[in-house]
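> just the structure for this:
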Amino acid sequence: MPQARLPDINTAYIKYRTEAIMALKQRNWGILHGCLTAINGLLPPEYQVIISSVDYNQQAKTEITYHCNHCEKDVEKEYIKIFELMPNAMQLLLHGHNANKVWNCIKCHKLNQLDNTRVSKTILQNPTFLGVVPDPPSRTNGLMDRMKFNIEIERWGWLTLGELEFKMGKFRDDNWKRGDNDDISNQLDFSLDNKDGAE
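This is a model prediction of the structure:
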């Protein structure tokens with residue numbers, strides 16, 4: 001029963017979180033990785049953070065769409081091919097352009113002029129918790145590679161810790177709402193939690 005496990009999970013979580021933050025500050029990447037894996041392992045499967053670069057890139061990507069002026073549909077940028085259309089003599093005389101940049105709509109197959117196209121960009125709000133993080137960066141040889149690795153692993157560590165904090169908070173909330181809240185809160189040890197917040 002999840003409620004009965006909450007005190008043990010909470011105590012272990014606070015311990016591992018404190019160790020993970022210490023490891024981040026001391027750049028001890030082995031301990032960091034171990035602590036984050038342990039926190040993830042404490043959570044039931046439906047609350048765990050997925051570690052997958054493919055899934056993360058899919059969910060975190062910025063979406064850019066081009067709006068077709070003929071069929072009024074939006075087309076993702078990856079399906080757009082922009083090319084130059086040479087004007088005939090009359091268009092050249094009237095407009096004075098040597099070439100027009102156009103793109104072909106994959107939905108209605110009609111040409112759109114690029115300068116008359118509405119382009120939309122959709123980006124994630126910050127903060128956004130996706131429940132997924134990329135694979136941790138791997139260390140390579142060379143001084144520059146090591147410096148880059150330190151920056152990337154630190155960024156990955158904070159990103160993963162943030163996702164785990166969100167999932168752990170959701171796990172706590174969902175299980176405390178089920179009943180016996182007072183009994184469980186009295187059993188939880190928040191001493192490490194309070195100490196960590198005071199630093």
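> quick one, strands of this protein?
Shown for the chain, the strands assigned by DSSP state E span residues 50-51, 63-67, 74-76, 82-85, 100-104, 111-113, 118-122, 132-133.
> adjacent strands (with direction) for the second one?
When pairs are called by DSSP bridges, strand 63-67 turns out to pair with strand 74-76 (antiparallel), strand 118-122 (antiparallel).
> where among the strands of the chain is average confidence lowest?
When these are compared on mean pLDDT, strand 82-85 scores lowest, with a mean of 83.
> so what strands line up beside it?
When sheet partners are counted by DSSP bridges, strand 82-85 sits next to strand 100-104 (antiparallel).
> contacts for the strand it pairs with next, please.
66, 80-85, 87, 110-115, 117 (CB atoms under 8 Å, 6 or more residues apart in numbering). For glycine as for every other residue, the C-beta is placed from the backbone atoms N, C-alpha and C.
> below-threshold pLDDT in the chain: ranges please.
Scanning the chain with the threshold set as pLDDT under 70 gives 1-5, 86-99, 141-144, 177-199.
> in contact with the residue most central in space within it: list those residues for me.
For the chain, A60 is the residue whose C-alpha lies nearest the centre (CA atoms, centre = their mean; 4.7 Å). A60 sits next to 124, 130 when contact means CB under 8 Å, 6+ apart.
> quick revisit: for T160, find the nearest of the strands paired with strand 63-67.
Closest approach to T160 among the strands paired with strand 63-67 (CB to CB): strand 118-122, 24.5 Å.
> convert the C-alpha atoms of the closest one to CSV, please.
Taking Å, rounded to 0.1, in the frame of the first residue of the first chain, the C-alpha atoms of strand 118-122 are listed here in CSV:
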residue,chain,number,x,y,z
ARG,A,118,2.5,33.5,-41.8
VAL,A,119,5.1,31.5,-39.8
SER,A,120,4.3,30.4,-36.3
LYS,A,121,6.7,29.1,-33.6
THR,A,122,5.6,27.1,-30.6
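> next one: it to chain centre, how far?
Relative to its chain's centre, strand 118-122 lies at 20 Å (CA atoms, centre = their mean, to the nearest Å).
> kindly report the same for stretch 165-175.
18 Å.
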